[in-house]
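> Next one to model:
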Amino acid sequence: MIDIKFLRENPEAVKENIKKKFQDDKLPLVDEVIALDIESRKTKQEADELRANKNKISKEIGALMAQGKKEEAEAKKQEVAMQAKRLAELEKKEPEFQEKITNIMMKIPQIIDPSVPIGKDDSENVEITKYGEPKVPDFEVPYHADILEKMNGLDKDSAGRTSGNGFYYLMGDAARIHSAMISYARDFMIDKGFTYCIPPFMIRSSVVNGVMSFAEMEAMMYKIEDEDLYLIGTSEHSMIGKFKGQIVNESSLPISMTSYSPCFRKEVGSHGIEERGVYRVHQFEKQEMVVLCKPEESMDWYNKMWSYTVEFFKSLDIPVRTLECCSGDLADLKVKSCDVEAWSPRQKKYFEVGSCSTLGDAQARRLGIRTKGENGTYFVHTLNNTVLATPRGLIAFLENNVNEDGSVNIPKALQPYMGGKEKIG
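Residues are numbered from 1 along each chain as shown. Just a heads-up that it's a prediction; the model follows:
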């Protein structure tokens, strides 16, 4: 959420940012919120003056009563009563104005970084760098569901009966390699100095509204019926919410954490749920990294964080590339974002396995997460990045390590988590 003072002083810059994100329907919101802000400040100023005047007159009444000037004192009391009525009206308006302003401000997108490429949607994202050599073996790489089924590792029919489309059973070595990848991702980030955490898997609406835009919430979140609780779509939501309303000691920054959680998503949209495989599903597991830092450190952390994901996949013999997300592909709270994509030798193209974002002070401003240092109190910056989301990560692993006979090689990094096995299937 943008600082209202910045919007007040730079309305054209905010409008230009909206245009860069191809959200022209939001342009009227800028003038609307400015008008409301003017009325809100007038209301507050008048209310403050009345409150100050009330205190002044109250002292005068006391002095008049002490002097025996009861008639004059009574006249002053009448004046106070009239002003009190007006003050009550204004005090009722103050929170109403603030609520309206906040609701609009939460719809206006965050100012994007100048380095973000301008484009309408993800088709205009820009490739940055490729890591590892994307190879295509001299045999046809099977569909990932076929690889899993050949090792008796996937059962979607039973999951359809118990839970419906978009769910799955992983079994045997398939389930084990899935868990091994998550465990390795956890230890990989701990070795980078991140604090390991398992967060709550349900959060209140006040946290949801603080960490994501309304559009994202509608498309992603499952709400618990008759309770103010939502299933998390990523552990970032819980991890940032951990600091809601807190003043973090500046000396403790940066705070770097890596969190594990199951994730639940409605996956509403044109892409739909995958019928046969496990590429797009309602339930998956994820190892995340989250950082809270000073504003001047956020871009350095952004570059470190996505590079950790690249390093992680390279250690599993999976070629990857990074894509800079264009302006139209950025969620409203994001300042800058890039996707990490893994090579698919079956499709002979890359597909998304993770995303890294810096959100500036957007989440911190919504949730009231501040820090206090020598230069006063200010909002921290927040960042998040996927280390591993699986079974999507499992798909990348299988395709890049499968052999012609259907067996799958285990990279050295994962062998300790697989009882020393060098191959499965």
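
> which parts of the lowest-mean-pLDDT helix or strand in the chain are buried?
Every helix and strand of the chain was ranked by mean pLDDT, DSSP states H and E. The lowest is helix 214-220, at a mean of 75. Residues of helix 214-220 classed as buried: Met217, Met220 (neighbour count, 16 or more other CB atoms under 10 Å). All C-beta atoms are positioned from the backbone trio N, CA, C, and that covers glycine.

> can you give me how far it is from the chain middle?
Distance of helix 214-220 from the chain centroid (CA atoms, centre = their mean, to the nearest Å) equals 11 Å.

> Give me the packing partners of whatever helix or strand comes next after it, helices and strands only.
Per DSSP states H and E, the first helix or strand lying C-terminal to helix 214-220 is strand 222-223. With contacts taken as 3 or more CB pairs under 8 Å, 6 or more residues apart in numbering; DSSP states H and E, strand 222-223 sits against strand 230-231.

> For the strand it packs on, which helices and strands make contact with it?
Packing contacts for strand 230-231, counted by 3+ CB pairs under 8 Å, 6+ apart, involve strand 202-203, strand 222-223.

> could you pull out the helices for the chain?
4-9, 11-20, 27-66, 70-105, 144-150, 156-162, 172-190, 205-211, 214-220, 235-241, 298-314, 362-367, 392-401 (DSSP state H).

> could the ones you listed be laid out in CSV, adding distance to Leu323?
What follows is the helices of the chain, written out as CSV (distance: least, CB to CB, whole Å):
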stretch, distance to Leu323
helix 4-9, 29
helix 11-20, 18
helix 27-66, 28
helix 70-105, 30
helix 144-150, 22
helix 156-162, 30
helix 172-190, 21
helix 205-211, 23
helix 214-220, 19
helix 235-241, 20
helix 298-314, 10
helix 362-367, 22
helix 392-401, 15
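
> any idea which of those helices scores lowest on pLDDT?
Set side by side, these give their lowest mean pLDDT on helix 214-220, at a mean of 75.

> and the residue sitting furthest away from the middle of the chain, what pLDDT?
What lies farthest from the middle of the chain is Gly68; by CA atoms, centre = their mean that is 66.0 Å. If you check Gly68, the pLDDT there is 72.

> what comes up buried for stretch 170-182?
Neighbour-count burial for stretch 170-182 flags Leu170, Asp173, Ala174, Arg176, Ile177, His178, Ala180, Met181, Ile182 (criterion: 16+ other CB under 10 Å).

> Check stretch 121-128 too.
Asn125.

> State the mean pLDDT of it.
Rounded mean pLDDT across stretch 121-128 is 95.

> Need the CA coordinates for the least confident helix or strand of the chain. CSV is fine.
Extracted in CSV, the C-alpha atoms of helix 214-220 (Å, rounded to 0.1, in the frame of the first residue of the first chain):
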residue,chain,number,x,y,z
PHE,A,214,-8.1,-8.6,-3.1
ALA,A,215,-7.8,-10.2,-6.6
GLU,A,216,-5.2,-12.7,-5.4
MET,A,217,-7.3,-13.6,-2.3
GLU,A,218,-10.4,-14.3,-4.4
ALA,A,219,-8.5,-16.5,-6.8
MET,A,220,-6.4,-18.4,-4.3
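
> what's in contact with that helix?
106-107, 208-209, 212, 230, 233, 265-269, 331-332 (CB atoms under 8 Å, 6 or more residues apart in numbering).

> Check stretch 189-200 too.
Contact partners of stretch 189-200, identified using CB under 8 Å, 6+ apart, comprise 186, 232, 235, 238-239, 242, 255-261, 287, 289, 308, 387.

> Filter these down to the buried ones.
Buried subset of the contacts of stretch 189-200 (neighbour count, 16+ other CB under 10 Å): 186, 232, 235, 238-239, 242, 255-261, 287, 289, 308, 387.

> residues near Pro28, how many?
Per other CB atoms under 10 Å, the neighbour tally for Pro28 reads 11.

> ok, now how distant is it from Asn165?
For Pro28, the distance to Asn165 equals 40 Å [CB to CB, to the nearest Å].

> Around the spatially closest residue to Glu285 that is not a sequence neighbour, how many other residues sit close by?
Nearest in space to Glu285, with sequence neighbours left out and distances taken as CB to CB, 6 or more residues apart in numbering, is Pro262 at 5.4 Å. A count of nearby residues for Pro262, using other CB under 10 Å, gives 12.

> go on, the one 5 residues further on?
Burial of Glu267 is recorded as 16 neighbouring residues (other CB under 10 Å).

> you'd agree it is up against Gln283?
No - judged on CB atoms under 8 Å, Glu267 makes no contact with Gln283 at a distance of 10.3 Å.

> one step back: what's near enough to touch the residue nearest to Glu285?
Neighbour list for Pro262: Phe201, Gln283, Phe284, Glu285, Lys286 [criterion: CB under 8 Å, 6+ apart].
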